[in-house]
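**Student:** Sequence first, predicted model second:
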Amino acid sequence: MGYQEHKSKAHASISCAIITVSDTRTEEDDVSGRIIRQKLEEKAHKIVSSYILKDNVTLIRDKVQQLLGNGGIQVIITNGGTGISKNDVTIEAISPLLEKRLDGFGEVFRFLSYQEIGSGSIMSRVMAGTTGGKIIICLPGSIDAVRLAMENLILPEISHMVWEAAR
């Protein structure tokens, strides 16, 4: 079965959770989280839950594990905490939970980001992977980075990724 055949078998609507990782953001100023929600809803995907968590490995990992146990969630998308400062711990929190990494996600994101911002893109540690038949995607907190990832990578492939991870 070819790529297009696989993609055509994917579910139309995906159930998602959104986690914003930040020591400073609130619901009122979480623009990146709102963009993720808006972009998903524009394509008829469902937002089951959303959270704002502090940059803390234990808090992030515990929440992701809780969401992985929710049978109604197929994708978890985080934003924030993917840089290289000492407070950026999203990758450290989530990486040990992954069964399979989708290395191409980070590679293509950094390539696209490089085209927009140049060499600063090397500091992004975005990643995606699977665990328990579910998809976890970790994005930067930047508004432009979130838009780039949602429009160019996530929305075109989210249903296909979920279908593949669940089979």
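**Tutor:** Looks like it came in fine.
**Student:** how close does the closest residue to residue 166 other than its chain neighbours get to residue 74?
**Tutor:** Across the structure, with C-beta to C-beta, 6 or more residues apart in numbering as the measure, the residue nearest residue 166 apart from its sequence neighbours is residue 133 (4.5 Å). C-betas here are computed from N, CA, C, even on glycine. When distances are taken as C-beta to C-beta, to the nearest Å, residue 133 and residue 74 turn out to be 8 Å apart.
**Student:** Give me the more crowded residue out of those two.
**Tutor:** When neighbours are counted by other C-beta atoms under 10 Å, residue 133 and residue 74 differ, and residue 74 comes out ahead with 25 against 13.
**Student:** Residue 91 against residue 127, yeah?
**Tutor:** Yes: applying C-beta atoms under 8 Å, one finds residue 91 in contact with residue 127, separated by 6.2 Å.
**Student:** Between the two, which contacts overlap?
**Tutor:** Each of 82, 138 lies in contact with both residue 91 and residue 127 under the rule C-beta atoms under 8 Å, 6 or more residues apart in numbering.
**Student:** what is in contact with residue 133 and residue 74 at once?
**Tutor:** Listed as contacting both residue 133 and residue 74 by C-beta under 8 Å, 6+ apart are residue 166.
**Student:** pLDDT score assigned to the residue nearest to residue 166?
**Tutor:** On pLDDT, residue 133 comes in at 97.
**Student:** show me the contacts for the residue lying closest to residue 46 once chain neighbours are set aside.
**Tutor:** Here the nearest residue to residue 46 in space, its sequence neighbours aside, is residue 15; by C-beta to C-beta, 6+ apart that works out to 4.8 Å. With contacts defined as C-beta under 8 Å, 6+ apart, the neighbours of residue 15 are 45, 46, 48, 72, 73, 74, 75.
**Student:** One more pass at 6 Å, please.
**Tutor:** Taking C-beta atoms under 6 Å, 6 or more residues apart in numbering, we find residue 15 in contact with 46, 48, 72, 73, 74.
**Student:** As CSV, the residues you listed with secondary structure would be great.
**Tutor:** As requested, the contacts of residue 15 are arranged in CSV below (DSSP: H, G, I helix; E, B strand; the rest coil):
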residue, secondary structure
46, strand
48, strand
72, coil
73, coil
74, coil
